[in-house]
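Engineer: return a 3D structure for these sequence lines:
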Amino acid sequence: MTDTPVPSGLVPLKPVELTETDFRVTGLSLIAHPMQHLRETLRLNKVRTTINLRETGKNGERVGCAGLVICRQRPGTAKGFVFLTLEDETGMLNVIVEPSRFEPDALLISTSPLLLIRGVLQCVHGVVNLRAHTFKALQAESGEEFAKGRNFH
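Structural biologist: Numbers count the residues shown, from 1 in each chain. This next block holds a predicted model:
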């Protein structure tokens, strides 16, 4: 008896397919983050990672960041402000959306699993936030629509 593997005849899954399968089945992936599949294109368009913004970002700097929206909050006491938590493959970033910026794109902001957000960094006492100006939905086709998020609690 030998331990020679028997060919299954199945074609191995591509990395993006593995991520999609993980998210579809479990709502998360230990293999890859959806943003990893978009990173090269985003980098070419000057979209930075969250860790890069936290480590090298300057207060008042105009930047772009993209990620999976894992939390959306619109507290009744916040005078219409919306707060998002954006997660990429390097970490998380808090996003502040003013009421005047939220209303025109409310459906996009409320429903898109992956967002590209451009705005101005706010770095105060070691805390980094992104004050959002523009929003664009992204698709990685990696199961991001199955990600478990918390919305408007």
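
Engineer: now the residue nearest in space to the middle of the chain: which helix or strand?
Structural biologist: The geometric centre of the chain, computed from its C-alpha atoms, lies nearest to Gly67 (Cα atoms, centre = their mean), at 1.5 Å. Assigned by DSSP states H and E, Gly67 belongs to strand 62-73.

Engineer: strand partners of that strand, parallel vs antiparallel please.
Structural biologist: Its sheet considered, strand 62-73 pairs with strand 47-48 (parallel), strand 82-88 (antiparallel), strand 114-124 (antiparallel), strand 150-151 (parallel) by DSSP bridges.

Engineer: these: lowest mean pLDDT?
Structural biologist: Note on the strands paired with strand 62-73: strand 150-151 shows the lowest mean pLDDT, a mean of 73.

Engineer: could you measure from the residue nearest to the centre of the chain over to Thr111?
Structural biologist: Per Cβ to Cβ, to the nearest Å, Gly67 is found 15 Å from Thr111. Where C-beta positions appear, they are placed from N, C-alpha and C, glycine not excepted.

Engineer: secondary structure element for the residue lying closest to Ser112 once chain neighbours are set aside?
Structural biologist: In space, and not counting its chain neighbours, Ser112 is closest to Ala137: 3.9 Å by Cβ to Cβ, 6 or more residues apart in numbering. Element membership for Ala137 (DSSP H and E) is strand 127-138.
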